[in-house]
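K.L.:
Need coordinates for the below:
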Amino acid sequence: MSSLVETVAFVFALVALGYLSGWSGLLKKETGTGLSDFAVSVAMPLLLFRTMAQADFGGGLPLRLWGTYFAAAIVTWLLAQLVIVHIFGRDARAAIVGGLSASFSNLALLGIPLILGVFGHDGFAILSLILSIHLPLMVGASTALLSWFGGKGAPHGLKGVVRDFAVNIAGNPLMIGIAAGLLWRVTGLEMPLLASRLVDALADVAAPVALFAMGLGLLHYGISGNVRPAVAIAAFKLLFMPALVLLLASMTGLSGISAKVAVTAASMPLGVNPYLVAVRFGTGQALASNSMSISTALAAFTTAGWVAIAQWIFG
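P.N.:
Residues are numbered from 1 along each chain as shown. Now for the predicted structure:
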């Protein structure tokens, strides 16, 4: 238990150091953007490439893992969306942003370092399987729903939605890293020594750089306006969704490290993508920003609790 607490504390301490470095003026806020770009566009894609190229996934599609995690995400999204409309009186488009925020985990900047620290490379291989369809499903669904309601930033017609989705996914560095790793694995080729050293050198710094950059980035988003809906979204994200994943894992027979990683991934605070979607479509920006800041601050405590619960239940 002490090692678990220490690992979680270390992860969030790096986030806090990034935040304090910006808040104190030691580093400019813009530095966080550059570090995040490096982590998401270079270091993490290479880390995913290396993992997908080398990991043993047991020879089959992880349908039980995907079903457990994304069923919980769908239920969380729908309930949060209803709460935003019927309790807080927001319109349907803002509610879609709220639903996405409640169910979209920060699996890249925060999830990858935390899973690596707690569960090692075996756990990261499981997380990579969730990550491989997490962004396409979640962002694709939100884009389609917001396009249905029209308004600012919405592509026109079904072809426009499909084209927009394909362009965003095909150009995403994380998706490219996953796809390239799988393709390399299929070839069966051995990585040249020089290439392997380059990949290792950059992939190994992905986690600390991403965490530090995330802390710096929080200065940019902050908290503004009505925070009550954001608190509700944070509660869905940090409490309801991991509880539902844990329940579904027990019901479907998902066990061992797969179940522990699924619960931990669900307990992550929301990432930046819901905010980016909100900005693009011109709705729910403050809701997404507030939810991200609040959930990230609280996750230092709630995530540690969910990891401990998952360890206790699933061994």
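K.L.:
what does stretch 77-89 rub up against?
P.N.:
Stretch 77-89 is contacted from outside by 90-92, 94-96, 98-103, 228-229, 232-233, 236, 240, 287, using Cβ atoms under 8 Å, 6 or more residues apart in numbering. (C-beta placed from N, C-alpha, C; glycine too.)
K.L.:
neighbours of residue 255, just the number please.
P.N.:
Neighbourhood size, residue 255 [other Cβ atoms under 10 Å]: 14.
K.L.:
I figured residue 258 hits residue 126, correct?
P.N.:
Yes. Residue 258 lies in contact with residue 126 (Cβ atoms under 8 Å); the separation is 5.4 Å.
K.L.:
can you list residues touching both of these two?
P.N.:
Common neighbours of residue 258 and residue 126 (Cβ under 8 Å, 6+ apart) are 62, 65.
K.L.:
Residue 88 versus residue 229, what's the distance?
P.N.:
Distance, residue 229 to residue 88, by Cβ to Cβ, to the nearest Å: 5 Å.
K.L.:
Compare the two (neighbour count), which wins?
P.N.:
Remark: of residue 229 and residue 88, residue 229 carries more neighbours, 25 against 17, as counted by other Cβ under 10 Å.
K.L.:
what's near enough to touch the more buried one?
P.N.:
84, 88, 90, 98, 287, 290, 291.
K.L.:
I'd like the distance between the fifth one and residue 79.
P.N.:
Computed with Cβ to Cβ, the distance linking residue 287 and residue 79 is 16 Å.
K.L.:
Looking at those two, which has the bigger crowd around it?
P.N.:
Shown here are residue 287 and residue 79; by other Cβ under 10 Å, residue 287 has more neighbours (27 against 17).
K.L.:
Surely that one is in contact with residue 230?
P.N.:
Yes. Counting by Cβ under 8 Å, residue 287 does reach residue 230; the two are 5.9 Å apart.
K.L.:
which of the contacts of residue 229 tops the neighbour count?
P.N.:
Going by other Cβ under 10 Å, residue 291 tops these with 34 neighbours.
K.L.:
That residue sits in which helix or strand?
P.N.:
According to DSSP states H and E, residue 291 maps onto helix 285-314.
K.L.:
Check residue 191 too.
P.N.:
Using DSSP H and E, residue 191 falls within no helix or strand.
K.L.:
And the pLDDT at it?
P.N.:
For residue 191, the pLDDT comes out at 87.
K.L.:
That one and residue 116: what is the separation?
P.N.:
Distance from residue 191 to residue 116, by Cβ to Cβ: 20 Å.
K.L.:
what sits against the nearest residue to residue 27 once chain neighbours are set aside?
P.N.:
With sequence-adjacent residues excluded and distances taken as Cβ to Cβ, 6 or more residues apart in numbering, residue 27 is closest to residue 21, at 4.5 Å. Contact partners of residue 21, counting by Cβ under 8 Å, 6+ apart, are 27, 212, 215, 216.
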